[in-house]
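Peer 1: Got a predicted structure here, sequence first:
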Amino acid sequence: MLEAKSLSCVREDRLLFEGLSLKVKPGQIIQVEGPNGVGKTSLFRLLVGLMTPYHGQVLWQGVPISDDRETYQQNLLYLGHQSGVKPELSALENLRFYQKMFEPSYQGDLYSVLAQVGLAGLEDMPAAQLSAGQQRRVALARLWISTAPLWILDEPFTAIDKNGVKVLEQLFVKHAQDQGMILLTTHQDLNLPVADFSKLAMIKPSLEDMYVGVGAD
Ligand SMILES: Nc1ncnc2c1ncn2[C@@H]1O[C@H](COP(=O)(O)OP(=O)(O)OP(=O)(O)O)[C@@H](O)[C@H]1O
């Protein structure tokens, strides 16, 4: 289980949110919602350990993530705004690189994974020559080979067409049924027929709460 306890986030002396707590349990999907700039990406960066909270703690299986980063990273798949796709490598080379680095025990056929994300016939094309949606699909193909129980996905549907959204939704449902956990942001209305799908709405703090004296006594 992932647990965030009373998180506060400050950027450039501005309070983005405070006292934010959440739990993501096996089988659960949580969609984080809120207007542009409210702090969804910042929250995710705290949750994956790329930023440190101003206050509060993030725990994986009851252990602060800063105490055992290695175990946490092994159980986490994070897809941020930057897809991490290398433009000079082909779709297949990108996926193979990811597989060798993060899923060395994966035995499946990477061609069929790429076919599932709609990239059949484009396996050997340099990613730089693929469209934005196709490049996003190269990044998303990691989800098909991932053994990580926790997926944290920042706008996974960006540049993805309707059919691609449907395929991804099916994968999310399967992951939840297999007792995986998903935390995602999207401005899409999702169709996820799983028992444990909920939404977390982030709202902007009031103006008087927004400016904090970081470093002040
Ligand atoms: N690299 C940065 N340095 C300083 N401040 C930043 C940085 N990135 C974002 N911010 C600030 O944090 C606020 C929240 O940004 P964040 O990306 O977390 O919001 P978001 O809810 O994910 O927005 P969006 O829906 O547009 O992706 C922004 O309004 C911006 O002022």
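Peer 2: Received the coordinates, thanks. Numbering: from 1, shown residues only.

Peer 1: so the residue sitting nearest the centre point of the chain, which of the three states?
Peer 2: Centroid-nearest residue in the chain, with CA atoms, centre = their mean: residue 153, separated by 1.8 Å. Under DSSP: H, G, I helix; E, B strand; the rest coil, the three-state class of residue 153 is strand.

Peer 1: Please name every helix or strand in contact with the lengthiest helix in the chain.
Peer 2: What stands out as the longest helix in the chain, according to DSSP state H, is helix 162-177. Applying 3 or more CB pairs under 8 Å, 6 or more residues apart in numbering; DSSP states H and E, one finds that helix 162-177 contacts helix 132-140, helix 142-145, strand 181-185. Using the backbone N, CA and C atoms, a C-beta is placed for each residue, glycine as well.

Peer 1: Residue numbers of the protein in contact with the ligand?
Peer 2: By CB under 6 Å from any ligand atom, the part of the chain that sits against the ligand consists of 11-12, 16, 34, 36-42.

Peer 1: out of the helices and strands packed on helix 162-177, nearest to residue 26?
Peer 2: With CB to CB as the criterion, residue 26 lies closest to strand 181-185 of the helices and strands packed on helix 162-177, at 6.0 Å.

Peer 1: how far away is residue 188 from the ligand?
Peer 2: Distance of residue 188 to the ligand, given as CB to the nearest ligand atom, to the nearest Å: 13 Å.

Peer 1: part of a helix, is that residue?
Peer 2: No. Read with three-state DSSP, residue 188 is coil and lies in no helix.

Peer 1: can you pull out the helices in this protein?
Peer 2: 40-47, 69-74, 91-102, 110-116, 132-140, 142-145, 162-177, 207-210.

Peer 1: Redo those helices as a markdown table? Include mean neighbour count and mean pLDDT.
Peer 2: Converted to a markdown table, the helices of the chain look like this (neighbours: other CB atoms under 10 Å; pLDDT from 0 to 100):
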| stretch | mean neighbour count | mean pLDDT |
| --- | --- | --- |
| helix 40-47 | 22 | 97 |
| helix 69-74 | 14 | 95 |
| helix 91-102 | 18 | 96 |
| helix 110-116 | 17 | 96 |
| helix 132-140 | 20 | 95 |
| helix 142-145 | 20 | 96 |
| helix 162-177 | 16 | 94 |
| helix 207-210 | 9 | 55 |
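
Peer 1: Between these, which one is closest to residue 126.
Peer 2: Of the helices of the chain, nearest to residue 126 by CB to CB is helix 91-102, at 8.7 Å.

Peer 1: name the helices or strands packed onto the closest one?
Peer 2: The helices and strands touching helix 91-102, judged by 3+ CB pairs under 8 Å, 6+ apart, are helix 110-116, helix 132-140, helix 142-145.

Peer 1: Columns distance to residue 100 on top of these, output as a markdown table?
Peer 2: Output for those, formatted as a markdown table (distance: least, CB to CB, whole Å):
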| stretch | distance to residue 100 |
| --- | --- |
| helix 110-116 | 11 |
| helix 132-140 | 15 |
| helix 142-145 | 11 |
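
Peer 1: Between those, which one is closest to residue 65.
Peer 2: helix 142-145 (20.6 Å).
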